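In: Can you look at this prediction? I've put the sequence above it.
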Amino acid sequence: MKKVFGLIMKEHIQYKKTIGVLFLSTIFMIGVLPYAIHYYRDVIPLSSIRTPLLFLGISLIVLNAISSFFISLNRAIKMKMLWLHHPNSIVLLVFAKFIYQMVAMHLLLAVALIGLYFLPEVIIGTAGQIFMLSLYVQIICNVIYILFTVLLLVLLAITLQLKPYIGKFSYVVSTLLFVGFFLSADPFTLQFLEIGRIPTEKISTYLPTFTNGLTITAMDVYVVYELISFIFYAALFIVACKWIERVITR
């Protein structure tokens, strides 16, 4: 754990200014920009400005976390000597970058989701229910971050493997594989893993409702399915890291 923490702190030293700018940008986008737009377009309700800006801000934060991870990783890949002589394993190096961007993403989301409390015209609920909604959004964003980061990490390994042979066409192959994965993915083929159901109906009662009648229903959790998914993505992560190490140090 000390090694991981030390590597995360190195990432923080490198990216703390960027994270600071992102914090200020998030505060501006969620707290200041809606009033500025409303000042010049006062015919538009403030809630109609805040809502799309909030969703846009959340989307940009997740996208930034994923892109920042790969920017940091690509920078490290170019430093071949770092990979050859570093005392820590390659998996640990990549994992530290992965965790740092995840933590930064959640901190930025925590700031952005404060905007939920300023949407009484859209959200009906107590402060506690809005807090539960913000946690729900954090969980969804976390799943998206893990899913896309691990899959793109595998595709990066494939790209690096193919690049010496087919050049820039390797990016096309990786893109087609990425699109093909999502087009062919069928959640119904994994129904046999839906064992150990944990009902979540009661969670919905702790979430707010919306003025347009929309309600949020939490999906049931299956212990076996979640455990297998965790093992699968953890294995993919390790395999991709080892694959990248092998390609760039050959």
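Out: Yes, it's here.
In: Strands along this protein, start to end?
Out: 123-124, 197-198, 209-210, 221-222 (DSSP state E).
In: What's the local residue count around residue 195?
Out: 11 (other Cβ atoms under 10 Å). The way it works is simple: take the backbone N, C-alpha and C, and place the C-beta from them, glycine included.
In: From what I see, it and residue 220 are in contact.
Out: No. Between residue 195 and residue 220 there is no contact under Cβ atoms under 8 Å: 11.7 Å.
In: correct me, but residue 90 touches residue 244?
Out: Yes. Residue 90 is within contact range of residue 244, at 7.2 Å (criterion: Cβ under 8 Å).
In: Okay, now the unreliable bits of this protein?
Out: The chain contains residues with pLDDT under 70 at 1, 80-88, 182-194, 196-197, 213, 250.
In: repeat that for 50
Out: 188 (pLDDT under 50).
In: Give me the most central residue, it.
Out: Nearest residue to the geometric centre of the chain (Cα atoms, centre = their mean): residue 145, 2.3 Å.
In: Next, work out how far apart it and residue 61 are.
Out: 10 Å (Cβ to Cβ, to the nearest Å).
In: what's the overlap in contacts for those two?
Out: Residues touching both residue 145 and residue 61 (Cβ atoms under 8 Å, 6 or more residues apart in numbering) are residue 105.
In: Okay, helices next: where are they in this protein?
Out: 2-27, 33-40, 46-78, 80-85, 90-112, 127-166, 169-184, 201-204, 223-248 (DSSP state H).
In: Endpoints of stretch 123-131, how far apart?
Out: 12 Å (Cα to Cα, to the nearest Å).
In: residues near the nearest residue to residue 130 once chain neighbours are set aside, how many?
Out: Spatially, and ignoring its direct neighbours in sequence, residue 130 is nearest to residue 116 (5.1 Å; Cβ to Cβ, 6 or more residues apart in numbering). Neighbour count of residue 116, defined by other Cβ under 10 Å: 22.
In: how many neighbours does the residue lying closest to residue 198 once chain neighbours are set aside have?
Out: Nearest in space to residue 198, with sequence neighbours left out and distances taken as Cβ to Cβ, 6+ apart, is residue 221 at 4.3 Å. When neighbours are counted by other Cβ under 10 Å, residue 221 registers 14.
In: now residue 154, nearest residue through space, not along the chain?
Out: residue 240 (4.6 Å).
In: OK, contacts around that neighbour?
Out: 150, 153-154, 156-157.
In: which of these lies closest to residue 233?
Out: Distance to residue 233, by Cβ to Cβ, is smallest for residue 150 among the contacts of residue 240, at 5.0 Å.
In: so what's the closest one up against?
Out: So residue 150 contacts 233, 236-237, 240 (Cβ under 8 Å, 6+ apart).
In: Counting neighbours, go ahead and name the busier of residue 90 and residue 244.
Out: Per other Cβ under 10 Å, whichever of residue 90 and residue 244 has more neighbours is residue 244, with 25 against 20.
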